[in-house]
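J.: sequence-free structure coming up:
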């Protein structure tokens, strides 16, 4: 708080309690925080990763053919150009597709999903929860379920209740489904996949 550069490595974050107290006016920052110019900080992060890859022996070239132990470095205007060229809208998965294909729209055979780290202490914030398994389902399992109005739903188990379990899905973070109409797709160890 006494100084330093605006590099992401020097950034500060506040816990929820301190953040709420700051906005309630019970304390103030001695130094005015810099406004985050996201493209600038993104570029700093990109070059930080670039340097780490170089240290690992990977050569990073600007827009050259992909070869063994070589990566392509692209910038935003390039992905925007390729994305518009193949006629797809802006999204992170579509940017990845545009970077790889560049001039044609491939057949996409997979679903879009979110990857979340699974924490070691599952009940850190809520130690009163005791149910870890019900009807063969555990927290964070990837489940496919039939729903009467939504049809087929895929999601990660969020909570196990007496009659239903709730899933993290793309459209709802607390979607209730029946145990009897659900099927276990995969049980994960350290990473959670959420459709």
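T.: Yep, it's here. Since this is a predicted model, take the numbers as computed values, not measurements.

J.: and the nearest residue to residue 155 once chain neighbours are set aside, bridged to which residues?
T.: Take residue 155 and drop its neighbours on the chain: the residue closest to it by C-beta to C-beta, 6 or more residues apart in numbering is residue 167, 3.1 Å away. Using the backbone N, CA and C atoms, a C-beta is placed for each residue, glycine as well. Beta-bridge pairing of residue 167 under DSSP bridges involves residue 157, residue 175.

J.: Point out where this structure drops to low pLDDT.
T.: 1-13, 31-44, 59-73, 111-131, 190-195 (pLDDT under 70).

J.: domain assignment for it?
T.: 1-67, 74-110, 116-194 (automatic domain parsing).

J.: what about the helices in the protein?
T.: Counting by DSSP state H, one finds helices in the chain at the ranges 16-24, 38-55, 76-86, 92-101.

J.: What residues does residue 137 make contact with?
T.: Residues near residue 137 by C-beta atoms under 8 Å, 6 or more residues apart in numbering: 143, 157, 160, 165, 179, 182, 184.

J.: Which of these sits closest to residue 136?
T.: Using C-beta to C-beta, residue 184 comes nearest to residue 136 of the contacts of residue 137, at 6.6 Å.

J.: check contacts around that closest one.
T.: 136, 137, 141, 142, 143.

J.: go with 10 Å
T.: 135, 136, 137, 138, 141, 142, 143, 144, 157 (C-beta atoms under 10 Å, 6 or more residues apart in numbering).

J.: For it, give its distance to residue 17.
T.: 38 Å (C-beta to C-beta, to the nearest Å).

J.: now the helices of the chain in TSV, with mean neighbour count?
T.: Formatted as TSV, the helices of the chain follow (neighbours: other C-beta atoms under 10 Å):
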stretch	mean neighbour count
helix 16-24	10
helix 38-55	12
helix 76-86	15
helix 92-101	15
